[in-house]
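Peer 1: just need the structure, nothing else, for what follows:
(chains A, B, C and D)
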2 protein chains.
Amino acid sequence: MVEEKRSRKTGGDRVAVICTALRRAIIERALSPGDRLPEDALGERFGVSRTIARSALGQLAAEGLVDLRRNRIAVVAVPSFEDARDIFDIRVDLERQVVRHLAGKLTEAQVKQLKAIVDAEHQARHGAEGISIRLATEFHVRLAEMTGKPVLIRYVTEICYRAGLSLAVFSRPHSSECAVNEHLELIEAIRTGPTDKACALMDEHLEAVASRALLQSSGTRSRDLMDILAPYTE
Amino acid sequence: MVEEKRSRKTGGDRVAVICTALRRAIIERALSPGDRLPEDALGERFGVSRTIARSALGQLAAEGLVDLRRNRIAVVAVPSFEDARDIFDIRVDLERQVVRHLAGKLTEAQVKQLKAIVDAEHQARHGAEGISIRLATEFHVRLAEMTGKPVLIRYVTEICYRAGLSLAVFSRPHSSECAVNEHLELIEAIRTGPTDKACALMDEHLEAVASRALLQSSGTRSRDLMDILAPYTE
DNA sequence: CATGCAGTAATTGTACACACTTTTCCTCGC
DNA sequence: GCGAGGAAAAGTGTGTACAATTACTGCATG
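Peer 2: This is a model prediction of the structure:
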């Protein structure tokens, strides 16, 4: 343990650091739904006291990424199939608003930024699956950020992460490669196309993602039980 | 100080108790945007340590009802005009989903429950303004709860409270009496009418509430400054 | 061999202590 | 009178201690 005693007095929000790390671990599937998150272990891992770890868990619970049961170890949330469906329904509405605000108003710099993400997606499409999912999520989050609307950004970001978590439960074979092209088309539609056209394309895209992943498994209960148990049997 | 030493060992979530109390105080306008919420004072008021009070503030901050600045006293959030507009935009989408799920499917018991709230609204329409607003909010929250969809319930509830807070900033003359009738019409439309009709009515209702309150004040900056200062000058 | 049932270890819930920051307010020099 | 400076007060950030609860392990028992 020669580890990080860096930044003893930084004060720069350490809760946020843990939250960011965990969000990323979850979206990249380094952490699976149901995985345990003991406060002690988290604190030690990040070089902070349980107080901070606990606070981070509380925040992630508020975002729906963590389940917090009284007197019990926190676990990565395990969305039910119904939850997943509702999350995607809300997501469609929220992202339609994003597109509506952005249609025809993207700057060149913004387009370049988005294309850079799509490029990264393209390169990552044969690497670790987790990276692909994170990049796909990042694309949607960045799009939301371009609206400059804090409220919208917050909800879209949250719902995107929850959607990513839902996919971890309900889609075994990750079939997001096609999404790379869809993202490219989306950029074009938002940049040039009329608002309605762009919105429709976003709707299509999200519905496609949802049905590719969600509709195939209607077994609901038995399936997520398997998922919870999976990490313990390896 | 003969106060509450009741429930020394209840353990029943004390953070939640504080959150509920504060949410209600905010929605009823007992607390105004910008009001200070020191951890010590909160803890003492509810007979808990600062730890608990702090945790409650963290949760409310995650819900957008409290502003939490580093090393500074927490304050009741002061939504900007743009925030308010965005909140209502999102609210329209979310509540349309509620209506879509509920249209034609309300049970008699549910209708009775909703009408009870509207009755209360009617009785309270000449009493304290805060009560009216709370009841109006409760109507929408209860409606969402009837969908039985946890995710949708969570977001609708949160956005309703934030909308109520926004109204506290941007609508001086509270003109919600007409809303009582609109709520009655909504019940009927959801109970009997076709889905599209009910959705349209909800859209209208929310747009009406928003424009009655929001559109009149475009002064934005100067206005909320006045609001923040108000409680200190009395 | 399955099944209870201790007793122990692991873990959370909460209060509290102390360092550090911000705010307040009082005093002093001009 | 009035602004600058500098304690003192108020308040937050975070670690730690201890009680209470839950999880686990192994042993005795049918």
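Peer 1: single out the residue in chain A that lies closest to DNA strand D.
Peer 2: A:Ser49 (2.9 Å; CB to the nearest atom of the strand). From N, CA and C alone the C-beta is placed, and that goes for glycine too.
Peer 1: now do the contacts for A:Ala120.
Peer 2: A:Leu135 (CB atoms under 8 Å, 6 or more residues apart in numbering or on different chains).
Peer 1: helix or strand: which one has it?
Peer 2: helix A:108-124 (DSSP states H and E).
Peer 1: and what of A:Arg24?
Peer 2: Going by DSSP H and E, A:Arg24 is part of helix A:14-27.
Peer 1: show me what the helix or strand just after that helix is packed against.
Peer 2: Once the chain leaves helix A:14-27, the next helix or strand it forms, by DSSP H and E, is strand A:36-37. Where contact means 3 or more CB pairs under 8 Å, 6 or more residues apart in numbering or on different chains; DSSP states H and E, strand A:36-37 is packed against strand A:74-76.
Peer 1: now do the contacts for the spatially most central residue of chain A.
Peer 2: With distances taken as CA atoms, centre = their mean, A:Tyr161 lies nearest the centre of chain A, 2.3 Å away. Contacts for A:Tyr161 (CB under 8 Å, 6+ apart) come out as A:Arg23, A:Ile26, A:Ile27, A:Glu63, A:Leu65, A:Thr137.
Peer 1: make JSON lines from those and add distance to A:Asn181, pLDDT and neighbour count to it.
Peer 2: Converted to JSON lines, the contacts of A:Tyr161 look like this (distance: CB to CB, whole Å; pLDDT from 0 to 100; neighbours: other CB atoms under 10 Å in any protein chain shown):
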{"residue": "A:Arg23", "distance to A:Asn181": "27", "pLDDT": "98", "neighbour count": "23"}
{"residue": "A:Ile26", "distance to A:Asn181": "26", "pLDDT": "97", "neighbour count": "25"}
{"residue": "A:Ile27", "distance to A:Asn181": "21", "pLDDT": "96", "neighbour count": "26"}
{"residue": "A:Glu63", "distance to A:Asn181": "30", "pLDDT": "98", "neighbour count": "19"}
{"residue": "A:Leu65", "distance to A:Asn181": "29", "pLDDT": "98", "neighbour count": "24"}
{"residue": "A:Thr137", "distance to A:Asn181": "17", "pLDDT": "96", "neighbour count": "20"}
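Peer 1: farthest pair in those residues?
Peer 2: Largest separation among the contacts of A:Tyr161 by CB to CB: A:Glu63 and A:Thr137, giving 13.5 Å.
Peer 1: what separates the residue of chain A closest to DNA strand D from B:Gln59, distance-wise?
Peer 2: Distance, A:Ser49 to B:Gln59, using CB to CB, to the nearest Å: 20 Å.
Peer 1: now for chain A, the helix or strand with the poorest mean pLDDT.
Peer 2: In chain A, no helix or strand scores lower on mean pLDDT, DSSP states H and E than helix A:221-233, which sits at a mean of 39.
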